[in-house]
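[1] just to be clear, the model below is a prediction. Sequence and coordinates:
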Amino acid sequence: MTTSATGLVRALAATHFVGRAGGVVRPFLVLYLTQAQHLSLADAGSVVAAIGVGDIGSQVLGGRLVDRIGRRNTMLAGFVGAAAALTALGSADSLPGIWAAALGAGLTIELFRPAGSAAVADLPAPERIRAFGVLYWAANLGFSVATVAAGILAKDGYGLLFWINVLSSLAAALIVWRRVPETRPAGSVRTRRALLPAVLRDRLMLAMLALHTGYFTLFLQTFTTLPLLMTAGGLGPAACGGVLASNGIAVVVLQPLAVRLLADRDGTTVSATSMLLVGLGAGLGAVSHGTAAFAGSVLVWTLGQIGIAVRFGDTFAGLAPAELRGGYLGLASASWSVGAVLGPLAGSALLDLAGGTVLGAACAVGGIALFAAQRALGPALRRRNP
């Protein structure tokens, strides 16, 4: 990687780590709303849903802003806007005010994702995969720090969580302001096309968006159904927390190795195999009994999660026209956000209606179907991005 590219990636990784490590509000938001604000579970759920809706919108909005005002300015707007929205969320005392602040937080907190992805996509193609891997690793390390720190800090009150989150957003904005240059290709503003017509004509992009929305729905339902399955299986809170924490630990430890091993492999094969592993791992978890079996299932789908992460950004960057990179990558990130909404709803409903065995079978079949679909798209992907 060239010196300038290395400096850019290090700066972006720092913003991803700081932004994620300081994101201590979201893990305890439901407890804050029910205990400090005395909202009902239904009202608290609606606030969390408002953040989710805002998160979906932020990926599309972020993609458009990236192509219009630039990568750097979009990141600055996101981090500063998130600080303002979180300040409003922590001080709002009426349900409409909390809803509005939550929607604003959802719209701004994740703006840095499509912007950072577009900045990496602007690098020469051979450097992208490793750069995307560094950003994913930094974000997961920050998330691991946030989950541990939030549990410790919440003992001293929820107000401290909001202030730490606000300060971390401002610190990330400062890193962007001082260290991140604008990378938007020269002339892309003059040649900009409308995003929606371009995407609607791009059948391969539409197929990949549908495929990844299905994948993220399957993958993200595990974070809702697995705790329910473990609790029903007799595991206590400490054991459940340890099993779930193994996911983040495995990502932080194995991600750098996976980038080195998978960077030069065929992207379609890596993605298809990874989707299959996620489906089989989620299916195994749905029929497991005991701490070791649940932990083994988590390791299987974590390997698939890592494989997808290694090639996700590079795959969509290869599909995007230069002047629409932000928009394409924003839509790609939106597939994750949509899956984050659909997955918990679908997984918990199927578990409640049909039980763990049927859920496990559905996950395994889903993984096989995703594997086959990704393989079928392989020739077209290779023609678009040799």
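    In hand now; what should we look at? Only a predicted model underlies this, so the values are computations on that prediction, with no experimental measurement involved.
[2] touching, Gly281 and Gly304? I think so.
    Yes - using C-beta atoms under 8 Å, Gly281 is in contact with Gly304, at 6.3 Å. All C-beta atoms are positioned from the backbone trio N, CA, C, and that covers glycine.
[3] next, the buried residues of stretch 24-32.
    Buried residues in stretch 24-32, defined by neighbour count with 16 or more other C-beta atoms under 10 Å: Val24, Val25, Arg26, Pro27, Phe28, Leu29, Tyr32.
[4] quick check, nearest of the residues you listed to Gly343?
    Nearest to Gly343 among these: Arg26, at 16.6 Å, using C-beta to C-beta.
[5] the closest one and Ala286: what is the separation?
    Distance, Arg26 to Ala286, by C-beta to C-beta, to the nearest Å: 26 Å.
[6] repeat for Ser333
    In terms of C-beta to C-beta, Ser333 sits 28 Å off from Ala286.
[7] where does the prediction get shaky in this structure?
    The chain contains residues with pLDDT under 70 at 1-4, 41, 186-193, 237, 386.
[8] what are the phi and psi values at Arg265?
    phi -80, psi 160 (degrees, to the nearest 10).
[9] ok, and what's touching stretch 335-350?
    With contact meaning C-beta atoms under 8 Å, 6 or more residues apart in numbering, stretch 335-350 is reached by 49, 52-53, 55-56, 58-59, 110, 209, 212-225, 228, 358-359, 362.
[10] quick check, Val180 in contact with Arg72.
    Yes - counting by C-beta under 8 Å, Val180 sits close enough to Arg72 to count as a contact (5.4 Å).
[11] what touches both of the two?
    Ala119.
[12] before we move on, back to that, among the contacts of stretch 335-350, name the buried ones.
    Among the contacts of stretch 335-350, those classed as buried by neighbour count (16+ other C-beta under 10 Å) are 52-53, 55-56, 58-59, 110, 209, 212-222, 224-225, 228, 359, 362.
[13] what count of nearby residues applies to Pro126?
    Pro126: 10 surrounding residues under other C-beta atoms under 10 Å.
[14] returning to what we had before: helices - which of the buried residues of stretch 24-32 land there?
    Leu29 (DSSP state H).
[15] out of the buried residues of stretch 24-32, which one sits closest to Gly318?
    Using C-beta to C-beta, Arg26 comes nearest to Gly318 of the buried residues of stretch 24-32, at 31.6 Å.
[16] from Phe162, how far off is the closest one?
    Using C-beta to C-beta, one gets 11 Å for the distance from Arg26 to Phe162.
[17] and Phe316, what does it touch?
    Neighbouring residues of Phe316 by C-beta under 8 Å, 6+ apart: Met208, Tyr328, Leu329, Ala332.
[18] dump the residue contacts of the first one.
    It stands for Met208. By C-beta under 8 Å, 6+ apart, the contact list for Met208 reads Thr315, Phe316, Leu319, Ala332, Leu377, Leu381.
[19] by contact count, what packs against the helix or strand harbouring Asp55?
    Using DSSP states H and E, the element containing Asp55 is helix 41-69. Helix 41-69 sits against helix 29-31, helix 71-91, helix 95-109, helix 112-121, helix 195-201, helix 325-354, with contacts defined as 3 or more C-beta pairs under 8 Å, 6 or more residues apart in numbering; DSSP states H and E.
[20] could you rerun that using 7 Å?
    Under the contact definition 3 or more C-beta pairs under 7 Å, 6 or more residues apart in numbering; DSSP states H and E, helix 41-69 sits against helix 29-31, helix 71-91, helix 95-109, helix 112-121, helix 325-354.
[21] buried ones in it?
    44, 46-47, 50-67, 69.
[22] I'd say Ile175 and Ala13 touch.
    No - with contact defined as C-beta atoms under 7 Å, Ile175 does not reach Ala13; the gap is 9.9 Å.
[23] excluding its backbone neighbours, what's nearest Ala14?
    Computed as C-beta to C-beta, 6 or more residues apart in numbering, the closest residue to Ala14 that is not its neighbour in sequence is Ile175, at 5.2 Å.
[24] that neighbour: neighbour count?
    Neighbour number of Ile175 under other C-beta under 10 Å is 20.
[25] residues in contact with the strand or helix carrying it: which ones?
    Here Ile175, judged by DSSP H and E, is contained in helix 158-179. Contact partners of helix 158-179, identified using C-beta atoms under 7 Å, 6 or more residues apart in numbering, comprise 11, 14-15, 18-19, 21-25, 28, 32, 36, 72, 75-76, 79-80, 82-83, 86-87, 90, 150, 153-154.
[26] and it with helix 112-121, angle?
    Interaxial angle of helix 158-179 relative to helix 112-121 (axes from the mean of the first three to the mean of the last three C-alpha atoms, to 10 degrees): 20 degrees.
[27] begin at 25 from now on, thanks
    That works, and once the first residue is 25, the last one we named lands at helix 182-203.
[28] so for helix 182-203, what gets flagged as buried?
    Neighbour-count burial for helix 182-203, counted by 16+ other C-beta under 10 Å, picks out 182, 185-186, 188-190, 192-197, 199-200.
[29] repeat for stretch 142-150
    Ala142, Ala143, Val144, Ala145, Asp146, Leu147.
[30] format the residues you listed as TSV; extra columns: distance to Ser118.
    Formatted as TSV, those follow (distance: C-beta to C-beta, whole Å):
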residue	distance to Ser118
Ala142	37
Ala143	39
Val144	41
Ala145	42
Asp146	43
Leu147	46
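[31] which of those residues lies closest to Gly314?
    Minimum distance to Gly314 across those is 41.1 Å, recorded for Val144 (C-beta to C-beta).
[32] got the contact list for the closest one?
    In this structure, Val144 makes contact with Leu36, Arg152, Ala155, Phe156, Leu159, Gly337, judged by C-beta under 7 Å, 6+ apart.
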